[in-house]
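Q: Quick one: sequence plus predicted model below, questions after.
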Amino acid sequence: MMNDLHELKQFYGELKDSIKRENDVTAGWEEPFLYEMMSYIDSEKDIIYAYWSKAKQNIKINGYFYGEEDNVLNLYIVYFDQEQAVSGWRKISKTELKEYTTKIKNFINQCFKKGLYKVISPSDPAYELAKLIYDQKDFAVINIFVLTNRYYESNKSIDLTLEQADETSVTVIDIERVYQHVSQEIKAEDIEIICENEFGGNLNLLKVPSNVEQDYECFTGYISAEGLAKAYHRHGSKLVERNVRSFLQARAATNKGIKKTLENEEEKEKFVAYNNGISCIAKSAQMSIKDDKSNLYSIENLTGLQIVNGGQTTASIYEAHRRNVDISGVYLQMKLTILNFSDSEERARQDLEDEMIANISRYANTQNKINPSDLEANGRLLVELEILSRKTWIPSQDERKSDNMWYFERARGQYLVDIGQKKKGKAQNDFKRRYPKEKLIPKIDLAKHNLVWEQYPYVVSKGGEAAFKKYMEINRDIEVTDLFYKESIAKTIIYRHIEDIIKRKKFLGYRANIIYYTTSWFSLKYKEKIDLQDIWNRQSIGNEFDEDIGEMADQVSKYLTSIIDSGRNVTQWAKQASCWDELIDKYERISKS
């Protein structure tokens, strides 16, 4: 358990309040818990909530995401304990977690061997998942994520093999792990690497000369694959926690070139020539110079070592090592950056570390894409929106003075960090009174809400990162005025109002797509009649459109699911511009008749 339990309890209390508000609308705990957790740990993926459970057959699934390009399937299952209190922690054992992975394994086998989709209603999102597993037969990777509000104390890995996947991984996301991920100020303990013990010997690296004094030193050289695999075995994902890639990014299939090279006796010694190696960063190091002329240093230990580029290479090497592939004599390139700051300069060191990690990931020859929303966090548009959100009071709706504001979250976890920086008690309560949780708007959400208002529901249906990219393309050079900010928030107010109406209708599936398309249709129909500035002033759209919104949502649901009988995939169809065009064409015919 973390040293300071108070902040963790506070985080869970706020998360549980959010879930409770959603539960009041959706009449269930698991779906709001899943979406709340995913909002903290992976803004890129709009996972599909596809609940399916059969106790007698011991099967259950809560959601999924399929990456067609990499043939990677993410499956999500929720263990939500309604009795888990903020005041005390219930633990979950490895045995209990294995039971939940077995439920997913049974679901996969039922889909694969018995064609489970045949007994699921085609209008149920679980139908598309079941049919995908049946039709696809084989996946490069299946990632299973068990999300729980209990505390997994042992943190031991869970092994699982699926015949339907070349690789399988199981990741447990308990409440503490989410908190550690989003809280940038509450650091996990720095990894201490004693090179002799972990790498089999000191690292001999060349220091890159510099003609000017810098806040860092850069070294280059090589590291043994065997030493790297042993370090990863001991520290696991802690070695790559600061990688800007999404926490739950679907692990791509182990690089086939790496596997082929390592398993081939004649080829493996050429690994250093074939692979780009790893880029690392460390807070400090103990070292001594070995050769003045060549600037060769012997590095004895490292504090706070992080692999910020080359995570896939590291994982592939470890996987080979785990399968008893002989990787002795295999080496790879290593670039190491060591920051030069004292403990008293922690904030400056942290800022430089964040900047360098982002730039290393941006400019290095990466094998996987980087989330543009993570790298754009310090861009002009988002910074200016953040500034306005910290000084623009929400208009008072009575005779009293304004006392709260919207909080635009430029970087994931920023709201929690700002709370944590305040002194416990009155200062934190005052902050939350000024910036209520219900007025929090993350950058990905702002992008989605604005895009559907501008009638791009098919782009938003592709996921958070696609929406963010399109939003930045449209607005990158725009002047961020007070009016622009207020109208952006007004679009969020409209979106959330429509979202609440649709949640209460309890559609069986495809709710996110129904919200996107209904909001865009509403915009098409009423955009010229609605004054966004007035909505900002009132902080409400009112109820005059509710009946029409409900009818539009019913028609959108019927329209989107009408393709099921033809064997087409609803979620893929919703990502096509032609889906929006056909809906509007149909709407215009109806309105003219």
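A: The structure has been received and is ready for your questions.

Q: thought Ile501 was touching Glu551?
A: No: contact criterion CB atoms under 8 Å: Ile501 and Glu551 do not qualify, at 10.6 Å. No exception for glycine: its C-beta is placed from N, CA and C like everyone else's.

Q: Identify the residues contacting the residue of the chain positioned farthest from its centre.
A: Residue distances from the centre of the chain (CA atoms, centre = their mean) peak at Lys293, which lies 46.7 Å from the mean C-alpha position. Lys293 makes contact with no residue under the criterion CB atoms under 8 Å, 6 or more residues apart in numbering.

Q: ok so it is a strand residue?
A: No: using DSSP: H, G, I helix; E, B strand; the rest coil, the secondary structure at Lys293 is coil, not a strand.

Q: Against Asp138, how distant is it?
A: Using CB to CB, to the nearest Å, one obtains 55 Å as the distance from Lys293 to Asp138.

Q: Same drill for Ile501 and Glu551, tell me which one is more crowded.
A: Set side by side, Ile501 and Glu551 show more neighbours around Ile501, with 20 against 11, by other CB atoms under 10 Å.

Q: so what's the more buried one scoring on pLDDT?
A: Ile501 is assigned 94 on the pLDDT scale.

Q: and it, what is it in contact with?
A: By CB under 8 Å, 6+ apart, Ile501 lies in contact with 546, 549-550, 553.

Q: let's see it at 6 Å
A: Neighbour list for Ile501: 549-550 [criterion: CB atoms under 6 Å, 6 or more residues apart in numbering].

Q: Quick one: mean pLDDT over the helix or strand hosting Ile549.
A: Using DSSP states H and E, Ile549 maps to helix 546-561. Here helix 546-561 scores 94 as its mean pLDDT.

Q: for it, which positions count as buried?
A: 549-550, 552-553, 555-557, 559-561 (16 or more other CB atoms under 10 Å).

Q: what are the phi and psi values for the residue farthest from the centre of the chain?
A: phi -60, psi -40 (degrees, to the nearest 10).

Q: Show me which helix runs longest in the chain.
A: In the chain, with assignment by DSSP state H, the single longest helix is helix 482-505.

Q: contacting residues for Tyr318?
A: By CB under 6 Å, 6+ apart, Tyr318 lies in contact with 229, 232.

Q: do you know how far it is from His235?
A: From Tyr318 over to His235 (counting by CB to CB), the distance is 11 Å.

Q: Can you give me the pLDDT of Glu185?
A: Glu185 is assigned 38 on the pLDDT scale.

Q: Number of residues surrounding Lys9?
A: Neighbour tally, Lys9, other CB under 10 Å: 17.

Q: Now it: which helix or strand?
A: Per DSSP H and E: Lys9 is located in helix 5-26.

Q: Quick one: name whatever helix or strand follows that helix.
A: Defined by DSSP H and E, the subsequent element after helix 5-26 is helix 30-41.

Q: any idea of the mean pLDDT for that next one?
A: 81.

Q: got the angle for it vs helix 482-505?
A: Angle, helix 30-41 to helix 482-505, by axes from the mean of the first three to the mean of the last three CA atoms, to 10 degrees: 150 degrees.

Q: lowest-pLDDT helix or strand in the protein?
A: helix 372-375 (a mean of 50; mean pLDDT, DSSP states H and E).

Q: next SSE after that helix?
A: Next along the chain after helix 372-375, taking DSSP H and E as the criterion, comes helix 380-389.

Q: what angle sits between that next one and helix 482-505?
A: Going by the same axes, to 10 degrees, helix 380-389 makes 80 degrees with helix 482-505.

Q: Tell me which strands the next helix or strand after helix 380-389 pairs with, and in which orientation.
A: For helix 380-389, the following helix or strand on the C-terminal side (DSSP H and E) is strand 407-409. When pairing is defined by DSSP bridges, strand 407-409 lines up against strand 440-442 (parallel).

Q: Run the chain-centre distance for the partner strand.
A: 15 Å (CA atoms, centre = their mean, to the nearest Å).

Q: Show me how the chain divides into domains.
A: For the chain, automatic domain parsing gives the domain ranges 5-182, 192-370, 380-592.

Q: could you give the mean pLDDT of the second one?
A: It refers to domain 192-370. For domain 192-370, the mean per-residue pLDDT is 78.

Q: let's number from 15 now, not from 1
A: Noted, 15 is the first residue going forward, which turns the last one into domain 206-384.

Q: okay, now Gln228: neighbour count?
A: Gln228: 10 surrounding residues under other CB under 10 Å.

Q: One more: Glu82?
A: 10.

Q: Find me the pLDDT at it, would you?
A: Looking at Glu82, the pLDDT reads 79.

Q: Tell me who's in contact with it.
A: By CB under 6 Å, 6+ apart, no residues touch Glu82.

Q: any idea how far it is from Glu283?
A: To Glu283, Glu82 is 36 Å away according to CB to CB.

Q: swap in Tyr93?
A: As judged by CB to CB, Tyr93 and Glu283 stand 46 Å apart.

Q: Comparing those two, which shows the higher neighbour count?
A: Tyr93 (21 against 13).

Q: What about the nearest residue to that one once chain neighbours are set aside, how many residues nearby?
A: In space, and not counting its chain neighbours, Tyr93 is closest to Thr162: 4.1 Å by CB to CB, 6 or more residues apart in numbering. Neighbours of Thr162 under the rule other CB under 10 Å: 24.

Q: how about the helices in the stretch 15-164 of the chain?
A: Using DSSP state H, counting those that start in this stretch, the helices of the stretch 15-164 of the chain run over 19-40, 44-55, 108-128, 139-150.
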